[in-house]
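Trainee: build me a structure from this.
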Amino acid sequence: MGAPGIDFPGLGVGLAILRGGKILLYKRVNAPEAGFWNIVGGKVDHMERAADAARREAEEETGLAIGKVEMLCTTEQIIAADHQHWVSMIYVARDVEGEPRLMEPDKLSDLGWFGRNDLPSPLSAFTQAAIELLSPEDLK
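Mentor: Predicted coordinates:
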């Protein structure tokens, strides 16, 4: 059968969590793009709607309560260095409650809120795609 993203293109989701003109980013531990700063997200489960997967993954990874999510874009990334291929639906959440935590330290090693002018480096391809589409009001 194989593994999504490795043996065949995987379907993923990402969630750009916004608060006060900043975006919440986490540093990835594992491939693809280990060591890169990333919006939260993961794989879509069979028979799960993508928007629900984005909310579920975000809540699992951050400990935040996620309200309404809105579609931002779809992106396709072929990450040659990791031999991975992902098609991801990227969503935005402005309705969040709580303070983010490192809920999955085996997957994510650091976190922070960042404005457009203080983004960490390197940024994952998915995160770059999301940031390019966020408005100046969303990300200052």
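
Trainee: residues in contact with Ala125?
Mentor: Glu33, Thr75, Gln77, Ile79 (C-beta atoms under 8 Å, 6 or more residues apart in numbering). (Each C-beta comes from the backbone N, C-alpha and C, glycine too.)

Trainee: so what's the last one up against?
Mentor: With contact taken as C-beta under 8 Å, 6+ apart, Ile79 is in contact with Ala31, Pro32, Glu33, His85, Trp86, Ala125.

Trainee: please identify the buried residues of stretch 42-57?
Mentor: Gly42, Lys43, Val44, Ala50, Ala51, Ala53, Ala54, Arg55, Arg56, Glu57 (16 or more other C-beta atoms under 10 Å).

Trainee: identify the residues contacting the third one.
Mentor: By C-beta under 8 Å, 6+ apart, the contact set of Val44 is Leu11, Gly12, Val13, Ala50, Ala53, Met89.

Trainee: if we can go back for a sec, in strands, which of the contacts of Ala125 fall?
Mentor: Among those, the members falling in strands (DSSP state E) are Thr75, Gln77, Ile79.

Trainee: now those in JSON lines, with distance to Arg101 and pLDDT?
Mentor: Compiled in JSON lines, the ones in strands among the contacts of Ala125 are given as follows (distance: C-beta to C-beta, whole Å; pLDDT from 0 to 100):
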{"residue": "Thr75", "distance to Arg101": "27", "pLDDT": "94"}
{"residue": "Gln77", "distance to Arg101": "27", "pLDDT": "92"}
{"residue": "Ile79", "distance to Arg101": "27", "pLDDT": "92"}
